[in-house]
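Asker: Sequence first, then the predicted structure:
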Amino acid sequence: HMFRIYDTNNDGYVDFVEFMVVFFILSDGSSEDVLTKIFRLFDVNSDGTFTKKELTRLVKDMYGLLKKDDPNVNAIDLIAKSAFAEMDKDEDGKITTDEFITACMGEEDFSKMLANKAIDIFMEEEAAE
C-alpha cells in the first residue's frame, strides 16, 4: 500500500525524485498536501477514488501493520463502514480526494483516526530505516 504514495506516475517504479517529493511533503507539507498523498494509500487501484471494499481491505491491512491483536471482522467492518459514511458526502459509493481531505480535516472521528494510523505506519517505517 505504501508504494502507491511514492509511485506518483504509476509506472511501477519509485525514482529518487518521487521519493524525495513525498518525503518532503509528508515531513513539511501542508495538511492538504499530506492528506492528498495519504489518499493514494487508500486508492488501491489508483483510479482517483476508493470504494468501501478498498477501505475495508486497507483497514484490515493497517491493523496487521500496527501489529495489533487481530480484531474481529465485525470491528474492521464497523470502522470501515463508519469512516466511509463520514467521507462519502454525496453518497455515490466512492470517495474522492476532496471528500477524503474534507472529512479528515473536519470533525469526522473515524476519518481522522484512519489518516492518523496511516501516518503512524509511515513514521514507523521511516524510523526503522
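Answerer: That came through, no problem. Treat the numbers as computed from the prediction; the structure is a model and nothing was measured. Numbering: from 1, shown residues only.

Asker: give the contact list for Met20.
Answerer: The neighbourhood of Met20, defined by C-beta atoms under 8 Å, 6 or more residues apart in numbering, contains no residues. All C-beta atoms are positioned from the backbone trio N, CA, C, and that covers glycine.

Asker: Local confidence estimate at it?
Answerer: At Met20 the predicted local distance difference test score is 71.

Asker: That one and Asp47, how far apart?
Answerer: Look at Met20 and Asp47: by C-beta to C-beta, to the nearest Å, they are 26 Å apart.

Asker: cool, Lys89 as well?
Answerer: Noted for Lys89: a distance of 19 Å to Asp47, by C-beta to C-beta.

Asker: ok, these two, which is more surrounded?
Answerer: Counted by other C-beta atoms under 10 Å, Lys89 and Asp47 do not tie: Lys89 has more neighbours, with 14 against 10.

Asker: Skipping adjacent residues, who's closest to that one in space?
Answerer: Counting by C-beta to C-beta, 6 or more residues apart in numbering, the nearest residue to Lys89 once its immediate chain neighbours are dropped is Glu99, at 5.7 Å.

Asker: hang on, that neighbour packs against Gly93?
Answerer: No - shown here, Glu99 and Gly93 do not form a contact pair, counting by C-beta atoms under 8 Å, at 11.6 Å.

Asker: more neighbours, the two?
Answerer: Neighbours were tallied for Glu99 and for Gly93 using other C-beta under 10 Å; the higher tally belongs to Glu99 (20 against 11).
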